[in-house]
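Q: can't give you the sequence, but here's the structure:
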């Protein structure tokens, strides 16, 4: 079994890869997103390789190849399944609802709408004028401004 004697380390390579996998696992546990799990798995693959193959270059290749393949093939799926980075709020429920204009909305000038008993700053998506009392539909919310049509 090989070790990294050339750089002064006497730890066997399987243990070094296990240590790296543990460090990447701890980093993953400390973050809220999927960040380093792929490298932890890559380090475990390199650890298994190091038991049978003494070449450090091959082990590094296995580590990098496994990590990159996992990132490319599974990250989008994992993020979607765990819904990392997307927090649904109750504001999303307002999209598509109708509101009443309480202050005229002019092209490029914000007005105001009343939606579910609350007053919101509002802009027209189509740069149309909406008179007070008009019924508009909520298209999206940008910051504290409701975009209507």
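A: Yep, it's here. Keep in mind that this is a model prediction, so the values were computed, not measured.
Q: and the residue lying closest to residue 119 once chain neighbours are set aside, how many neighbours?
A: Spatial nearest neighbour of residue 119, chain neighbours left out: residue 112 (5.7 Å); criterion: C-beta to C-beta, 6 or more residues apart in numbering. For glycine as for every other residue, the C-beta is placed from the backbone atoms N, C-alpha and C. Applying other C-beta atoms under 10 Å, we find 17 other residues in the vicinity of residue 112.
Q: which positions within the host helix or strand of residue 112 qualify as buried?
A: Using DSSP states H and E, residue 112 sits within strand 111-115. Within strand 111-115, the residues that count as buried by 16 or more other C-beta atoms under 10 Å are 111-113, 115.
Q: off-centre distance for that strand?
A: 32 Å (C-alpha atoms, centre = their mean, to the nearest Å).
Q: same check on stretch 132-146?
A: Relative to its parent chain, stretch 132-146 has a centroid offset of 28 Å by C-alpha atoms, centre = their mean.
Q: before we move on, back to that, tilt between the helix or strand just after the strand holding residue 112 and strand 111-115?
A: Under the assignment DSSP H and E, the closest C-terminal helix or strand after strand 111-115 is strand 118-124. Calculated by axes from the mean of the first three to the mean of the last three C-alpha atoms, to 10 degrees, strand 118-124 forms an angle of 130 degrees with strand 111-115.
Q: run through who's touching strand 118-124.
A: Residues from elsewhere that reach strand 118-124 (C-beta atoms under 8 Å, 6 or more residues apart in numbering): 99, 101-102, 105-107, 110-114, 130, 136, 144-149.
Q: buried subset of the residues you listed as a PyMOL selection?
A: The buried residues among the contacts of strand 118-124 can be selected in PyMOL (16+ other C-beta under 10 Å) with this line:
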select buried, resi 99+101+102+105+111+112+113+130+136+146+147+148
